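Chemist: kindly return the folded structure for what I paste below:
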Amino acid sequence: MIEVIILAVALSMDAFAVSIGLGAKKNMPGLALKAGLFFGIFQALMPFIGYLGGKGVLGWVDAYAHWIAFGLLALIGAKMIYEGFQEGIEEEISAVTNKMMLILSIATSIDAMAAGFSLTLLDANPYIACLVIGITTFAFSWAGVFIGKKSGTWLESKAEIFGGTVLILIGFKILLF
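Modeler: Numbers count the residues shown, from 1 in each chain. Predicted structure coming up:
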């Protein structure tokens, strides 16, 4: 279960970084709850979709599944690290509408769908794992808005770099053990 918690924290870093950026740039009541709900729900659903897809192909690629999981997590992690050194997409957001939150939720959770494949290789209940991922992302996103309001965006890129590094390390763990 510790692997699921670590995976949940790593996957929530994209949403956390965006929430920090939103909090630093937007001052609207209820933004923290809105960010938590949108990001949390999508971060819970996408890994489950990836898990189901992974289960469907696991019989065909069983001998190479650990390599595939490692590759996916390494790519996602590298992408997060790269994005940690780039400007955030929150710079271009003029209003935080439900449509914008939906787009941001999909954008930050699409990587979680690929990471969901790794759930087929972990000794964990996928329903509980996805629930833990969703709750963790809700908490980080909710807190991220408040952290952004207080501190600005200096923590935004560090969260993405941390999350990417952890995903790569999880990939190595799956590959080696």
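Chemist: what's the host helix or strand of residue 174 packed up against?
Modeler: Using DSSP states H and E, residue 174 sits in helix 156-176. Applying 3 or more CB pairs under 8 Å, 6 or more residues apart in numbering; DSSP states H and E, one finds that helix 156-176 makes contact with helix 2-25, helix 65-84. No exception for glycine: its C-beta is placed from N, CA and C like everyone else's.
Chemist: out of these, nearest to residue 39?
Modeler: helix 2-25 (3.7 Å; CB to CB).
Chemist: after the closest one, next one along is what?
Modeler: helix 31-61.
Chemist: next, the angle from that next one to helix 65-84.
Modeler: Relative orientation of helix 31-61 and helix 65-84, computed by axes from the mean of the first three to the mean of the last three CA atoms, to 10 degrees: 150 degrees.
Chemist: what comes up buried for helix 31-61?
Modeler: 31-32, 34-40, 42-48, 50-51, 54 (16 or more other CB atoms under 10 Å).
Chemist: before we move on, what about stretch 67-79?
Modeler: 68-70, 72-74, 76-77, 79.
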